[in-house]
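> no sequence on this one, just coordinates:
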Ligand SMILES: [Zn+2]
């Protein structure tokens, strides 16, 4: 008889904060500089140097905690995490241990079937990043390296660690949690969340238990997953491995495992017995931080509207459907673009132009919304021209194509191409009379009771006016002329 | 040139008046170092070029009519755990032999800006761990009053440089008595300011929550002069206090009259040398005669100080000294792989006392022992702070011996670390409480060895301590005695 198992996953996510300088010194955090060019005595950990907290790090970390619905500590402090390794020039990392910045938050994830699940966030804390190592020799591992090179540019880059509760139940939920987290952090300008540059890293604690059992199973910590898809695949593989092990009468051991993306397997890195004793103790070089209500409120005021709240507002304020609201709030840049373009005009029309025409075009060209040749004010003007009847919807597409091509304002394009809609009665009447005179047959048919002929006549008028005649007014004038 | 009895205040005034050329004085100091260092072994490195250049700059400024700093032309000695840019800084350890920091400690910057002439780096116990200067990896320092005796430690070289009349001022660091104890054993004044009064930036850390830089001088007036230069907030040290620095020298008058002075009964019990006890009794009479009033106070957790100190200090040290791993700078031991290299570097680079304390501290922080040792020590520390706060409500200042004994003979305590640790029994509590403490000479033993008394005050009451010491010195003149060299 086989047992049904439940997967239990908690994620530990390290995120690089988007500050210009490092957490405890003034060195730049710019990615990609020549090795060891963004260093100073402090981040090199030279004897006698002392750390000084970058206030911007604290502000961004508070912002992250607020965005993740956490309770902020009144008192928070830094601790030293001691370990010997080449990537840590002080042989300890300044981190936070028993008094983290924030606790007890949550993040809501929405499954494809629409169900919303609230995932608990255990804690958010601040810490410094370590250096980057390059091992020469076989395998690129330190164990069999002939020599190792250390780049300390990354040493002291500010991080926050976000630890989730073991609330995730499927590999897909782990994936959704990460995309949701990334969305919030990017939206709030807390981090650029660039996984390739290492500004977002994720470890997963994975265990399985028989369905219905309350106690947690023995967990394995999975490392080395460098994309969200790898996290999903790694969790999936590891959970299956544990289930298979249990079904075969085996036992899961507590250990750290690494995900091998190439082979698609996890393998053991070190057992619990080999785990480090980090000998945490309070960092004596940095005073305890008192978070006053004022400080927190000041940060809260700078907190932008988060994607979920924005999605709801876009539906109520602009009358958009859920799908469109979702598309427009995918990034803060796109949402800002939409709101600027929709100012004072028909939001649904702006949404259509934006999602169908503009995004389609940008997609083909591989551009982001920030690189759009059509600026929000220009799209706004285009929609206004159409809404006011100065430009027909049909010609609008032609105008838009010109705008996207040349970066011109719609008014300029309309003028240059002479595409303005003809709405004044005298001009229209002249065209109508000309068309009626040229088509005595259809006129007689209409008068004889064949109402459908009206469409033919409208078409003729549009043709003569090269599409510029205002269709509503044309209809009205025709009826007036043709009625007995 | 005979300058060795000139005070820093005298020197600066003569330089300002043009009666003394800073360069001439600097050359005389270099001569005296050459004459005395072979026998006393005070200096680990002498900065001949740097000191002469600084002295010439003072002379140039004076000739050009520019404003001269408060320490213009005054020679000073630095403990070798204070970072000096491009100049040897070793902490008296083999692991840093030959290392030249790429930056200056904040106090060094302030001294230079004040026109001081930095003569060189003084010997110390390796990484400031010790009470006799015998833990230096290079050589011990010999007491100018009698070379058979130790100078105390860990800032023994700095104390000896002042005692031997080489420089009127010196800087040391004090983690558990490392300024005050050698000051007492060398017959000079040594001052550990309130924690946070002086920036620690550039002081190679031993125990970060206890370390504090402070001056050595013969007189309270000279110490006050130096204190005003080195004190004050530093944006590079988050633990430095944002409290204004008074002109300590201008506030020296005030005397002992009407002062209420506390005598903690726990500090006058067993283990106190009879000659030191007698010297303290005599000193009390002087204070009383000058108008001070004595009250008995109690510091009930005194017996736990030593244990708490050796847990907190070694725990922090185990972490602070972990960076000496042979990777970036200093000694690198040979090893086939990383762990072997770490092991070889640290085995060869650190002396036995440093290793002992790293082991102790590592143990105190280890999983399963943290609560019983480190955490407990922090709790005791809080109790000790409360003791002092309560005692200082009943009095203005506290008077105690500085060291339970005068200087001991070289080698006498090297095989007995516990007795060595007892050398700091009266001073470590002050570091645990973060308070200012000052040692001032209070007499000589029958063998001609100096002794000191300790004055402890409330946080940031440096001016009050200096006032009391100044008034006491005016009554006694012990600080005017000099060793025959
Ligand atoms: Zn730096």
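Perfect, I can see it now. Values in this document were obtained by computation on a predicted structure and should not be read as measured data.

> Stretch B:162-175 vs chain A: in contact?
No - under the criterion of CB under 8 Å from any CB of the partner chain, stretch B:162-175 makes no contact with chain A; the nearest approach is 10.7 Å. (Each C-beta comes from the backbone N, C-alpha and C, glycine too.)

> how far does that stretch sit from the chain's center?
Computed by CA atoms, centre = their mean, to the nearest Å, the chain-centroid distance of stretch B:162-175 equals 8 Å.

> What parts of the stretch 51-200 of chain B come near chain A?
B:81, B:82, B:83, B:89, B:91, B:96, B:101, B:102, B:103, B:105, B:200.

> what's the nearest residue to residue A:326 if we skip its chain neighbours?
residue A:311 (6.0 Å; CB to CB, 6 or more residues apart in numbering or on different chains).

> Give me the neighbour count for that neighbour.
Residues lying near residue A:311 (other CB atoms under 10 Å in any protein chain shown) number 21.

> same question, residue B:163
Using other CB under 10 Å, residue B:163 has 29 neighbouring residues.

> Which SSE is immediately downstream of the lowest-mean-pLDDT helix or strand in chain B?
Least confident helix or strand of chain B, by mean pLDDT, DSSP states H and E, is helix B:417-422 with a mean of 83. As assigned by DSSP states H and E, the chain's next helix or strand after helix B:417-422 is helix B:428-433.

> which other helices and strands contact that following helix?
Packed against helix B:428-433 by the contact rule (3 or more CB pairs under 8 Å, 6 or more residues apart in numbering or on different chains; DSSP states H and E) you find helix B:305-320, helix B:376-394.

> looking at these, which is closest to residue B:156?
Between residue B:156 and the helices and strands packed on helix B:428-433, the shortest gap by CB to CB is with helix B:305-320, which sits at 18.1 Å.

> Show me what counts as buried in the closest one.
Judged by neighbour count using 16 or more other CB atoms under 10 Å in any protein chain shown, the buried positions of helix B:305-320 are B:305-306, B:308-320.

> Repeat that for stretch B:62-72.
Of the residues in stretch B:62-72, those buried by neighbour count under the rule 16+ other CB under 10 Å are B:62, B:68, B:69, B:70, B:71, B:72.

> just to revisit the earlier point, wait, which of the helices and strands packed on helix B:428-433 is closest to the ion?
The ion lies closest to helix B:305-320 among these, at 18.7 Å (CB to the ion).

> now for that closest one, which elements pack on it?
Helix B:305-320 sits against strand A:79-82, strand A:281-282, helix B:352-365, helix B:376-394, helix B:417-422, helix B:428-433, with contacts defined as 3+ CB pairs under 8 Å, 6+ apart.

> CSV for the ones you listed, including distance to residue A:50 and mean neighbour count?
Listed next are the helices and strands packed on helix B:305-320 as CSV, based on distance: least, CB to CB, whole Å; neighbours: other CB atoms under 10 Å in any protein chain shown:
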stretch, distance to residue A:50, mean neighbour count
strand A:79-82, 13, 23
strand A:281-282, 15, 21
helix B:352-365, 19, 19
helix B:376-394, 21, 17
helix B:417-422, 28, 16
helix B:428-433, 18, 28
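
> Any idea which of these has the lowest pLDDT on average?
When these are ranked by mean pLDDT, helix B:417-422 comes last with a mean of 83.

> What distance do you get for the residue in the stretch 301-450 of chain A positioned nearest to the ion to chain B?
Taking CB to the ion, the ion has its nearest neighbour within the stretch 301-450 of chain A at residue A:302, 26.4 Å off. Look at residue A:302 and chain B: by CB to the nearest CB, to the nearest Å, they are 24 Å apart.

> how many other residues sit next to the closest residue to that residue other than its chain neighbours?
Of all residues not flanking residue A:302 in the chain, residue A:63 sits nearest, at 6.9 Å (CB to CB, 6+ apart). Other residues near residue A:63 come to 22 when the count uses other CB under 10 Å.

> wait, residue A:107 sits on residue A:182?
No - Residue A:107 lies out of contact with residue A:182 (CB atoms under 8 Å); the separation is 10.8 Å.

> domain ranges for chain A?
Domain assignment for chain A by automatic domain parsing gives A:5-299, A:307-417, A:425-482.

> any idea of the mean pLDDT in the second one?
Average pLDDT, domain A:307-417: 90.

> Start and end of that domain, how far apart?
Length of domain A:307-417, first residue to last, CA to CA, to the nearest Å: 41 Å.

> The longest one too?
Separation of the first and last residues of domain A:5-299 by CA to CA is 43 Å.

> Relative to residue A:122, which of the helices and strands packed on helix B:305-320 is closest?
Residue A:122 sits nearest to strand A:79-82 of all those, at 16.8 Å, using CB to CB.

> Tell me, how many residues neighbour the closest residue to chain B within the stretch 51-200 of chain A?
Chain B sits closest to residue A:91 of the stretch 51-200 of chain A, with a gap of 3.4 Å, by CB to the nearest CB. Residues within reach of residue A:91, counting by other CB under 10 Å, total 21.

> same question, residue B:137
21.

> give the contact list for it.
The contact partners of residue B:137, by CB atoms under 8 Å, 6 or more residues apart in numbering or on different chains, come to B:90, B:92, B:93, B:94, B:97, B:126, B:351.

> okay if I get these as JSON lines plus pLDDT?
Compiled in JSON lines, the contacts of residue B:137 are given as follows (pLDDT from 0 to 100):
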{"residue": "B:90", "pLDDT": "98"}
{"residue": "B:92", "pLDDT": "98"}
{"residue": "B:93", "pLDDT": "98"}
{"residue": "B:94", "pLDDT": "98"}
{"residue": "B:97", "pLDDT": "94"}
{"residue": "B:126", "pLDDT": "98"}
{"residue": "B:351", "pLDDT": "98"}
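
> who wins for neighbours among the residues you listed?
Neighbour-wise, the contacts of residue B:137 (other CB under 10 Å) top out at residue B:92, 32 neighbours.
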